[in-house]
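# Let me see the structure of the following:
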Amino acid sequence: EVAAAGVVTLVGLGSIGFTQSRGPWLGRGLGLMLFISLLLWEALRYARTTGSPRSMRWLRAMLIGWGTLICSTVIFLLAFNLSQAPIFERLREIPYIGRLGSLTASNEGTGRVRVLIWSGDKHAGGSVALIQSNPLRALIGWGPESMFVAFNPFYPPSLTEVETRGASPDRAHQAHLDELVTRGLLGLDSYLFLLLSFILLCWRLMRQSSEWRWKVFFIACMSVIVCHVGEGMTGIPVVSTLMMFWITIGLVVAAGSVAGHYWQK
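Alright, predicted model coming up:
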């Protein structure tokens, strides 16, 4: 079973890599960063309770090394996207790797599509103008699957230069904007409340767990949701990702019960 799960994971990661879609890449990076960071931190905390100086030294060094790697990666990505140095220009021409050098590009390709859908152009204000156009709708939204129709009066003409003229966006390509358009402020507040409640529950269950397997499980589930939220910052939640989202939440709630945390005094 472990081998099969490993194969499925590798195939999934490979598929995400071959898509060249930057949103899933960033989401995966955020999830991996959180998973390894919490794993090392909890391992160090466990080593302190067991009184193992050698393990503590190794884990502390690994945690510092991992933090250094994260900082270096962030600095590299910033330079890769903002610097015009010849080495970065050459890197941007390499397939797959070059995609990470256009994260901030908003004048062409999918970056321009997103900016136009979000804030429009000088003729129409896009999703932001749609949300601001009606105070009641800003509160309760326009309803699920309604953006395709409601967006038409706010469609920026410049969008026809990069997309099919007959196409009207049915998603804002940003999860929080989608919530505001379809469910309004009330829907966005409930969504953020759900996320915050889930993170706090995972944190509580992780800290209360005495068995290492449960700690790893709750850290993994928290990382999955962070990955989903990170991808949603520039993407569209679809059936497959939303199913993963709700199943992960259900698994955490059920696992807390199985581990006996809800009945502890």
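# got a list of what residue 41 touches?
Neighbour list for residue 41: residue 63 [criterion: C-beta atoms under 8 Å, 6 or more residues apart in numbering]. Yep, even glycine has a C-beta here, placed from its N, CA and C like the rest.
# And it, how close does it get to residue 262?
25 Å (C-beta to C-beta, to the nearest Å).
# And residue 178, by the same measure?
In terms of C-beta to C-beta, residue 178 sits 33 Å off from residue 262.
# Give me the more crowded residue out of the two.
Set residue 178 next to residue 262 and count neighbours by other C-beta atoms under 10 Å: residue 178 wins out with 23 against 10.
# ok, that one touching residue 172?
Yes. At 4.9 Å, residue 178 counts as touching residue 172 under the criterion of C-beta atoms under 8 Å.
# Residues that sit against both of the two, list them.
residue 147.
# List the residues that contact residue 124.
The contact partners of residue 124, by C-beta under 8 Å, 6+ apart, come to 153-157.
# Buried among the residues you listed? Make that a ChimeraX selection.
A single ChimeraX command selects the buried members of the contacts of residue 124 (16 or more other C-beta atoms under 10 Å):
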select :154,155,156
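# Widest-spaced pair of the contacts of residue 124?
Maximum pairwise distance among the contacts of residue 124 (C-beta to C-beta): 12.4 Å, between 153 and 157.
# Now stretch 80-100 - C-alpha only, PDB.
C-alpha atoms of stretch 80-100 as PDB (Å, rounded to 0.1, in the frame of the first residue of the first chain):
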ATOM      1  CA  PHE A  80      14.400  35.600 -11.300                       C
ATOM      2  CA  ASN A  81      11.300  37.600 -11.800                       C
ATOM      3  CA  LEU A  82      12.500  41.100 -11.300                       C
ATOM      4  CA  SER A  83      16.200  41.100 -12.500                       C
ATOM      5  CA  GLN A  84      17.200  41.700 -16.100                       C
ATOM      6  CA  ALA A  85      20.600  40.200 -15.600                       C
ATOM      7  CA  PRO A  86      21.800  38.000 -18.600                       C
ATOM      8  CA  ILE A  87      21.900  34.800 -16.500                       C
ATOM      9  CA  PHE A  88      18.200  35.200 -15.600                       C
ATOM     10  CA  GLU A  89      17.300  36.100 -19.200                       C
ATOM     11  CA  ARG A  90      18.800  32.800 -20.300                       C
ATOM     12  CA  LEU A  91      17.100  30.900 -17.600                       C
ATOM     13  CA  ARG A  92      13.700  32.300 -18.700                       C
ATOM     14  CA  GLU A  93      14.200  30.600 -22.100                       C
ATOM     15  CA  ILE A  94      14.600  27.100 -20.600                       C
ATOM     16  CA  PRO A  95      11.400  25.100 -20.800                       C
ATOM     17  CA  TYR A  96       9.500  24.600 -17.500                       C
ATOM     18  CA  ILE A  97      12.200  26.400 -15.500                       C
ATOM     19  CA  GLY A  98      11.500  29.600 -17.400                       C
ATOM     20  CA  ARG A  99       7.800  29.600 -16.300                       C
ATOM     21  CA  LEU A 100       9.000  30.500 -12.800                       C
END
